[in-house]
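Participant: coordinates for the following, if possible.
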Amino acid sequence: MEIFGVDIGGSGIKGAPVDLDRGDLATERHKVLTPQPATPDAVADGVREVVQRFDWQGPVGITYPGVIAEGTTVRTAANVDKSWIGVDARTLLSERLGGLPVVVVNDADAAGVAEMRFGAGRDRTGTVLLLTFGTGIGSALFVDGILVPNSELGHVEMHGREAEKHTSTKAKDDHGLSWEHWAHRVQKYLLYLEKLFSPELFIIGGGVSRKAHKFLPLIEDVRAEIVPAKLENNAGIVGAAMRAAEQGEHRVSAATAPDPSGGV
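Facilitator: I've put the predicted structure just below:
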């Protein structure tokens, strides 16, 4: 079964059809740069460009880098334009895609569900925390495989400012930090989260997961196991497609369920 997934990030919008039996992209993904400013209309145009590249006509799962309330309304906009706040993202994106069925989910939550099903968190119980390092820091918190949505732990305060301003890969690049220096910052962040949640496992995602060998061995004193995301930077695309498939199944189940009133 194939469903289309799109991952909206602070620097790029990428997507592809996803093979949900394998938990991997069915074909090479297409990516466009996130427009600046990243307003709702401009980002929606970027999503349309990605989807139209494949002549896709079915359901589409789309990630958003912030809090999504009730699967549709944007509540935060840390790394995109503030005009996103209050927008009905599902309606906007569906209309821009010509009425295709759309599901919108927090970007790190999408990456997390993909990693828990197909990747580094598969068959893991207890508390698992996935962190995506990129323009900001996203988080997905799981307890015995159940997602606690919209955790947004990149915004916890450290050193008098949000953690992602100090510890994201954007911060690393902007300040020209060495891998050793950046690993030290990541270590402090993980130790802080460990005090709050005592996870058994940290999964490190985002594009930097491809270079895990350069910094994970430098992280010390963290009790939890720390592993790179197996799906790397495709996890968000896969998770978005998974959510779209689940919503489709839910709609089918609801439509075929017996009428509790007996048809009266």
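Participant: could you use CA atoms for every contact and neighbour count after this?
Facilitator: Noted.
Participant: any idea how the chain splits into domains?
Facilitator: Domains of the chain are assigned by automatic domain parsing as 2-109+234-256, 120-229.
Participant: how much space between Val67 and Ala171?
Facilitator: 22 Å (Cα to Cα, to the nearest Å).
Participant: assign Ala212 to helix, strand or coil.
Facilitator: Following DSSP: H, G, I helix; E, B strand; the rest coil, we place Ala212 in the helix state.
Participant: returning to what we had before: need the winner for burial among the domains of the chain.
Facilitator: A comparison of the domains of the chain by mean neighbour count, using mean count of other Cα atoms under 10 Å, puts domain 2-109+234-256 on top with a mean of 20.
Participant: if we can go back for a sec, now tabulate the domains of the chain in JSON lines and tack on mean pLDDT.
Facilitator: Formatted as JSON lines, the domains of the chain follow (pLDDT from 0 to 100):
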{"stretch": "domain 2-109+234-256", "mean pLDDT": "94"}
{"stretch": "domain 120-229", "mean pLDDT": "97"}
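Participant: how about the helices in this structure?
Facilitator: With DSSP state H, the ranges of helices along the chain come out as 40-52, 89-96, 107-118, 163-167, 169-174, 179-197, 235-256.
Participant: now the ones you listed in a markdown table, with distance to Ala229?
Facilitator: Supplementary listing: the helices of the chain in a markdown table, determined by distance: least, Cα to Cα, whole Å:
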| stretch | distance to Ala229 |
| --- | --- |
| helix 40-52 | 24 |
| helix 89-96 | 27 |
| helix 107-118 | 7 |
| helix 163-167 | 18 |
| helix 169-174 | 16 |
| helix 179-197 | 16 |
| helix 235-256 | 8 |
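Participant: closest one to Asn150 among those?
Facilitator: The closest of these to Asn150 is helix 107-118. By Cα to Cα, the value is 6.9 Å.
Participant: quick one: Ile68 and Asn150 touch, right?
Facilitator: Yes - using Cα atoms under 8 Å, Ile68 is in contact with Asn150, at 7.2 Å.
Participant: mutual contacts of the two, please.
Facilitator: Common contact partners of Ile68 and Asn150 (Cα atoms under 8 Å, 6 or more residues apart in numbering): Asn106.
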